[in-house]
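Mind looking at a prediction? Sequence and model below.
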Amino acid sequence: MVSLKDPLKRPRQPVFVAAVAGFGLLALIGLVDNPGARAAAEPQTTGTALEPELCRDVGRWIDPEAQNRLTNRDVLAGAARSQFVLLGETHTSKEDHLWQLQTLAGLYALTPELVIGFEAFPRSVQPVLDDWSAGKLSEEDFLRQTKWAEVWGYDADLYIPLFEFARQNRIPMIALNVDRNLISRVGRNGWDGVPEDAREGITTPAAALPDYARKLASVYLAAAAHRRDASEDAQTVEDVLETDGFQNFVDAQLTWDRAMAEALAQSAEANPNAVVVGIAGRGHVERGFGIPHQLTDLGVSTVTSLVPVDRERACTGLEPDLADAFFLVEERDNNAPVPTRPRLGVAIQPGPDGGLLLSEVVAGSIAEAADLTAGDIVLSAAGAELKTPSDLVDIIQRQAPGTWLPLDVDRNGELLSLIAKFPSDRDSVQ
């Protein structure tokens, strides 16, 4: 933990992650695709509870190490002296995104140059972000060209105020992420199993700290309990640490962290006078295990990590190394999180002569159960012709639990009619 009045002079000590960054990765590789599994996978916080007078009022900054209140001036002035500021979030929390917006506005008032990086965007759409920040695109065109529904999928209305803030002030927006196919490939084969020319320029990530690996193992174990093909051999965290494939999962998480850290570092090199802000899932920010750990490995020392925390969590218990400071917000149960959308469990791209080519089918997914295989070309879904990936994404997102989706498929010239069966809410595991 560091003092915001003298940012980032002391090294962080390794402690457990409470809100783990791996949920998006679990969903991506097919371990977690439903709200029940995500809730059960999330470990409970076991740190020290704040004094009642500290966790009573929202709208306050707290130093988790010293357990005292901080002023807006202290926090924002200290952050503005850092080269990097990481703002964590729960992707579905309206409160978190409102906090990010006010924090960005506060930082911008204190520093003449700001750059904002977003986990939500892969590097391939950077030209679209440039056009948006320059005022050249409508909101509709921006979301369509960034393939928002297909790539990120969370409620765009939660993020639009952040994008509008950047556009209004002509602040550069940076795409921090990489193509999801790379993360999936590392999850299957491990980092060493992916050729260097297929790594999108990402350098070898710093190894996970032991406590980070153990925490990821606890998430992996809890998520596996919700899978139909869950192994009965892994019953403890120690078992998971020795399980074939777990290191690949860790490698994929580290690749995600490394990619965002390198994008931030490259942006700082290109904008040496700017404060570079990263907007990312809280698990990539908290405890210094994700992006901060990779930035440290890249030789960066001036990083300030800030996160929002709801009162219930603050009063229950927080580790002292949660972040440099946290901001108390309303309980997230009141935020009406966006329901988890159905997932077919495939990676898709336009087919060579129409339709959609399946470049990957996730093991244990609805797609695999429907007998879809990599190389299939899906011509239509529910009778609707498929021309772009967003066509299929839109159909799947409208699919109600417990319903069947007919698919017309071209498999090496043979036309097949397959059925994707979406589970009901009661037994929703994909």
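Happy to help now that I have it. What you see is a predicted model, and the numbers here were worked out from it, not measured in a lab. Numbers count the residues shown, from 1 in each chain.

and the residue lying closest to H284 once chain neighbours are set aside, what does it touch?
Excluding the flanking residues, the one nearest H284 by CB to CB, 6 or more residues apart in numbering is G290, at 3.8 Å. Every residue, glycine included, has its C-beta placed from N, CA and C. Shown in contact with G290 (CB atoms under 8 Å, 6 or more residues apart in numbering): 21, 253, 257, 280, 283-284.

and the gap between G290 and E113?
25 Å (CB to CB, to the nearest Å).

Can you report how many residues lie near the closest residue to L137 other than its chain neighbours?
Of all residues not flanking L137 in the chain, D131 sits nearest, at 5.1 Å (CB to CB, 6+ apart). Residues lying near D131 (other CB atoms under 10 Å) number 14.

Do you know the pLDDT at D131?
pLDDT recorded at D131 is 98.

Please tell me how far it sits from V125.
If you go by CB to CB, the gap between D131 and V125 works out to 10 Å.

How about E53?
46 Å.

Neighbour count: the two, which is higher?
Neighbours were counted for E53 and for V125 using other CB under 10 Å; V125 has more, 19 against 8.

Would you confirm that that one contacts F142?
No. At 9.7 Å, V125 does not count as touching F142 under the criterion of CB atoms under 8 Å.

Show me what the nearest residue to F121 once chain neighbours are set aside is bridged to.
Once flanking residues are discounted, F121 sits nearest to A175: 3.7 Å by CB to CB, 6+ apart. Per DSSP bridges, the residues bridged to A175 are F118.

Find the residue ranges of the stretch 251-400 of the chain scoring beneath the pLDDT cut-off.
Low-confidence segments of the stretch 251-400 of the chain (pLDDT under 70): 332-341.

Now do whatever helix or strand E269 lives in: which elements does it pack against?
Element membership of E269 [criterion: DSSP states H and E] is helix 246-270. Judged by 3 or more CB pairs under 8 Å, 6 or more residues apart in numbering; DSSP states H and E, helix 246-270 is in contact with helix 23-28, strand 114-122, strand 173-177, helix 180-189, helix 210-224, strand 275-281, helix 291-297.

separation between S133 and R167?
With the distance defined as CB to CB, S133 ends up 6 Å from R167.

helix, strand or coil for G299?
Using DSSP: H, G, I helix; E, B strand; the rest coil, the structure places G299 in coil.

domain parsing for the chain?
23-335, 346-427 (automatic domain parsing).

what's the most buried one of those domains?
Most buried of the domains of the chain, by mean neighbour count (mean count of other CB atoms under 10 Å): domain 23-335, with a mean of 19.
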